[in-house]
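1. Quick one: sequence and predicted model below, then my questions.
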Amino acid sequence: MSINRLKFKIARIDLSKGSCEAEIRPQSDFDLYLGGRGLNAKLLFEGQPKGVDPFGPDNQIIFGTGKLVGTPVPTAGQLTITSKSPATDLYFKSNTGGAWAKGLRRAGWDAVVVSGKSEKPVYLVVDDEEISIRDASDLWGKTVRETAAAMAEIFGSGWDFATIGPAGENLVRFACIMTSLYHAAGRGGIGAVMGAKRLKSIAVRGSGKIQVADHEALQSEVLSVLSTIDKSVKAKLYVNYGTAATIEMANESYALPVMNFRRNRIDGGHRLGGTYLVEKGYMVNGAACSACPLACHKFHQVKEGQYKGFSGGPEYETLAALGVGCGVTNPEAVLKGNELCNDLGIDTISAGGVIQWLFESVEKGIVPADIGEGLSLNWGDDETVVELLKRIAYRQGVGELLAEGTKRIAEKFGGDSWKWAVQAQGLEQSCVDTRVAKAYALAFAVNPRGPDHLHAQPMVEFAAFPEAVALFKMLLGKEELPPATSIEGKPELVRWHEDIFAVTDSLGICSFATTSSYIISVASLCRFIESALGMKLTERTLRTIGQRTIVLERMFNVRENPSRRDTLPWRLMNDPITEGPNKGQVNSEAELKEMLDRYYRLQGYDPKTGRPTREGLTSLGLIPDVKGMEAVLEDG
Amino acid sequence: MYIEIRLYHGLDRYLPKGEGEYGRRLDVPPETTAGQVLASLGVPVHKAMVLFIGGRVVGRNYVLKSGDVLTAMLPAGGGV
């Protein structure tokens, strides 16, 4: 079986018809989009009209890898899953690590596009070039762990699975897809899209070899990147503590979103941090995604007590969302909650966000306290948080309402509860207090999937380590760096980060490498592409490719909802910080507008509407390359 | 005068014996700087180390005041 370095082979599965067809894409797809997230965006845009029901058969769900996946490029193991979200009714892409993407590439496929809807539960089997649809009646209803065990009985070893849990089956609007027992493609409810199709799992096994263009040059660049990890403070923090190390940093700097973003520091918050988790023996091991030297994902264990068990994760976002966000500082409870989310297939950030809304709404008398049917709905009640996760997954009791997400539950209860629904476009905000990080504020506002960090991670604005300082100076041409609470220079930072993030996703590399820790530079990316794929691309070309994907994603949303505006949750824009050195900071309308104005100019968008123009789309090649793009402009 | 020192991300191994998870109460002379306290504990100079007083980033030559809480850690950030 040959695996082409530059052309994409995609599988189109129609679950309504029970059909599977292979398609070879033209090389122009690589030249324009690189693959992965970029190609997914194009396939989604072209493959469905405006207005499809996210739970309907016409909504595609696209699993796309990048051309570097399966090569020795560090962190090259990422998968992008793209669809229309049932949380936001907008474009959504989700990333995950693990080994599934590599399995798909070695099977000879670059993407799997699933449309239609099966009458009964099914799963897909991708066994090298053979793809089949099989009955999943015996798997439906099982948790992720139970499904993995059942699949292992059927398939043995050597397989990877992308699976939904009960949350996806029950159409929880923030259900995720698990590509291992602890790797989640989260946010936005793409697990529910799979559930609506009655697609339980996709099993993949590949025996092919991924050939590279110049093995020696590739090896040299790999070793060069690996040698920087030892010198990189940031990278070593990931290695030693994982993302949990961010908890102490945020808590001590009064930047931690505590109790639904009402406070910024909590006594005992450090108990959810990496230092404590390591020191007290909770952290037992690291787990690396395919080809990753950072192994930032950590396993934890609670050895005894009511929360006894293993936990794959949690990450910073989970520790914040299910922990301090709910007023909880008991690490064992958060470890338990994390593992439940893994097993039930729930996005931890949205789950934490809607629980926080509930606690605040009960506190303020908007929601009656007895809605918990015996559960006490108070801040800090860790047993309640853990129990609510189960009720959400199975839509039981108050879980039926929580499963709809913060936006919808606030609409239902009314009053002023929408003000503390910390969401925009229907997506709960990630656990970054954007009132103290203005580049993040802009990145969250323009993110096509909603106020979330996995679009641009402009860590550089904290300028706290040498690589970040160097990048900041290069991007802004300044020696004196503006603080994170200033809006100066932030549109330029976001522009760079979103382009590079898009390229990273499209190649199948982890964003921690190219943003966040900056251990893979853009120049290094070019060398990887040349040595692995035989293509010589300049840094400028890479930036253009990244920008093309960003603009394409934006146009999907323009078509889908022309009234969508770049914005942030009401609380972040109206409730100033009440404590610490950043007291008084807020993401004001005026500040956001000033950043957006500059951002739109940098992007070449219409300054009034923030939309891409015909000239911009043509200059990027999206007109004429993307079918249906001109029609969006003509529709106005 | 008394200050509190908190150390994270592996720096906690330089804390003197005593009660408290990552913090210790120290008696230091007036006009002591943050850098001097760290040096007295044997904390190696690390270019990327971040120092906070009350959540605000300070340099090693910050002159401590009575009751200050000095936190030192490595620059973590970025989540998933």
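-> Yep, that arrived.

2. In chain B, what residue spans correspond to strands?
-> For chain B, the strands defined by DSSP state E occupy B:2-7, B:23-27, B:50-53, B:56-58, B:69-73.

3. just the ones you listed: most buried one?
-> strand B:69-73 (a mean of 23; mean count of other CB atoms under 10 Å in any protein chain shown). (Glycine included, C-beta is placed from N, CA and C.)

4. distance between that strand and the chain's centre?
-> Average the C-alpha atoms of strand B:69-73, do the same for its chain, and the two points are 3 Å apart (CA atoms, centre = their mean, to the nearest Å).

5. With mean pLDDT added, can I get the strands of chain B in JSON lines?
-> Output for these, formatted as JSON lines (pLDDT from 0 to 100):
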{"stretch": "strand B:2-7", "mean pLDDT": "94"}
{"stretch": "strand B:23-27", "mean pLDDT": "92"}
{"stretch": "strand B:50-53", "mean pLDDT": "92"}
{"stretch": "strand B:56-58", "mean pLDDT": "90"}
{"stretch": "strand B:69-73", "mean pLDDT": "94"}
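
6. quick one: contacts for A:Thr80?
-> Applying CB atoms under 8 Å, 6 or more residues apart in numbering or on different chains, we find A:Thr80 in contact with A:36-37, A:40, A:63-66, A:93-95, A:505-506, A:508.

7. Now intersect the residues you listed with the strands, please.
-> Among the contacts of A:Thr80, DSSP E puts A:Phe63, A:Gly64, A:Thr65, A:Lys93, A:Ser94, A:Asn95 in strands.

8. quick one, strands of the stretch 251-400 of chain A?
-> Here the stretch 251-400 of chain A has its strands, by DSSP state E, counting those that start in this stretch, at A:283-287, A:297-302, A:309-312.

9. distance between the last one and the chain's centre?
-> For strand A:309-312, the separation from the chain centroid amounts to 22 Å (computed by CA atoms, centre = their mean).

10. Now A:Ala76: closest residue in space that isn't a chain neighbour?
-> What sits nearest to A:Ala76 in space, not counting adjacent residues and going by CB to CB, 6 or more residues apart in numbering or on different chains, is A:Leu68, at 4.2 Å.

11. can you count the residues close to the one you found?
-> Under the neighbour criterion other CB atoms under 10 Å in any protein chain shown, A:Leu68 is assigned a count of 31.

12. The one 3 residues further on too?
-> Around A:Thr71 there are 26 other residues, counting by other CB under 10 Å.

13. hang on, the earlier thing: closest one to A:Tyr123 out of the contacts of A:Thr80, please.
-> Sorting the contacts of A:Thr80 by how near they are to A:Tyr123, with CB to CB, puts A:Phe63 at the top with 13.5 Å.

14. That closest one pairs with what?
-> Residues found in beta-bridge contact with A:Phe63 (criterion: DSSP bridges) are A:Ile81, A:Val112.

15. Do I have it right that it meets A:Arg105?
-> No: under the contact definition of CB atoms under 8 Å, A:Phe63 does not touch A:Arg105, with a separation of 11.3 Å.

16. And these two? Which one has more around it.
-> A:Phe63 (32 against 28).

17. that older thread, as CSV, the strands of the stretch 251-400 of chain A with mean neighbour count would be great.
-> Supplementary listing: the strands of the stretch 251-400 of chain A in CSV, determined by neighbours: other CB atoms under 10 Å in any protein chain shown:
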stretch, mean neighbour count
strand A:283-287, 17
strand A:297-302, 21
strand A:309-312, 19
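
18. hang on, the earlier thing: now, which of the ones in strands among the contacts of A:Thr80 sits nearest chain B?
-> Taking CB to the nearest CB as the measure, chain B lies nearest A:Asn95 of the ones in strands among the contacts of A:Thr80, at 8.9 Å.

19. residues near that closest one, how many?
-> Going by other CB under 10 Å, the residues that sit close to A:Asn95 add up to 24.

20. follow-up on the earlier one: for the residue nearest to A:Ala76, give me its contacts.
-> Residues counted as contacts of A:Leu68 (CB under 8 Å, 6+ apart) are A:Ala76, A:Leu507, A:Gly508, A:Ile509, A:Phe528, A:Ile529, A:Ala532, A:Leu533.

21. Would you single out the least confident of the strands of the stretch 251-400 of chain A?
-> Mean pLDDT values for the strands of the stretch 251-400 of chain A show the minimum at strand A:283-287, a mean of 88.

22. contacting residues around that strand?
-> Surrounding strand A:283-287, the residues in contact under the criterion CB under 8 Å, 6+ apart are A:182, A:239, A:241-242, A:244, A:274, A:277, A:295-301, A:312.

23. Which pair of the residues you listed spans the longest distance?
-> The two members of the contacts of strand A:283-287 with the most space between them (CB to CB) are A:Val239 and A:Gln301, at 19.2 Å.

24. Can you tell me which of the contacts of A:Leu68 is nearest chain B?
-> Out of the contacts of A:Leu68, the member with the shortest distance to chain B (by CB to the nearest CB) is A:Ile509, at 14.5 Å.

25. from what I can see the closest one touches A:Ile519, true?
-> No: counting by CB under 8 Å, no contact exists between A:Ile509 and A:Ile519, whose distance comes to 10.8 Å.

26. shared neighbours of the two, anything?
-> Where contact means CB under 8 Å, 6+ apart, the residues bridging A:Ile509 and A:Ile519 through contact with each are A:Pro74.

27. ok, these two, which is more surrounded?
-> For A:Ile509 versus A:Ile519, the count of surrounding residues by other CB under 10 Å is larger for A:Ile509: 26 against 23.

28. Please identify the longest helix in chain A, counting by residues.
-> Determined from DSSP state H, the single longest helix within chain A is helix A:539-560.

29. So which bits of it are buried?
-> Buried residues in helix A:539-560, counted by 16 or more other CB atoms under 10 Å in any protein chain shown: A:542-560.

30. Kindly report the same for stretch A:558-573.
-> Buried-residue list, stretch A:558-573, by 16+ other CB under 10 Å: A:558-561, A:564, A:566-573.

31. distance between the ends of it?
-> Taking CA to CA, to the nearest Å, the first and last residues of stretch A:558-573 lie 23 Å apart.

32. now swap in stretch A:567-586 and tell me
-> When the end residues of stretch A:567-586 are compared by CA to CA, they are separated by 13 Å.

33. List the contacts of that stretch.
-> Counting by CB under 8 Å, 6+ apart, stretch A:567-586 makes contact with A:253-255, A:260-265, A:418-424, A:429, A:433-436, A:441, A:444-445, A:451, A:485, A:587-589, A:592, B:54-56, all of which sit outside it.

34. of those residues, buried ones?
-> If you count burial by 16+ other CB under 10 Å, the buried members of the contacts of stretch A:567-586 come out as A:253-255, A:260-265, A:418, A:420-424, A:429, A:433-436, A:441, A:444-445, A:451, A:485, A:587-588, A:592, B:55.

35. now the strands: where do they sit in the stretch 1-150 of chain A?
-> Listed in chain order, the strands of the stretch 1-150 of chain A (DSSP E, counting those that start in this stretch) span A:9-14, A:19-24, A:61-65, A:79-84, A:91-96, A:111-115, A:122-127, A:130-135.

36. what are the pairing partners of the fifth one, and which direction each?
-> I take that to be strand A:91-96. Using DSSP bridges, the strands paired with strand A:91-96 are strand A:79-84 (antiparallel).

37. And for the second one?
-> Using DSSP bridges, the strands paired with strand A:19-24 are strand A:9-14 (antiparallel).

38. Would you indicate which residues of the strand it pairs with are buried?
-> Applying a neighbour-count criterion of 16+ other CB under 10 Å, one finds A:Lys9, A:Ile10, A:Ala11, A:Arg12, A:Ile13, A:Asp14 buried in strand A:9-14.

39. Repeat that for stretch A:586-600.
-> Buried positions in stretch A:586-600, judged by neighbour count with 16+ other CB under 10 Å: A:Val586, A:Asn587, A:Ser588, A:Glu591, A:Leu592, A:Glu594, A:Met595, A:Leu596, A:Arg598, A:Tyr599, A:Tyr600.
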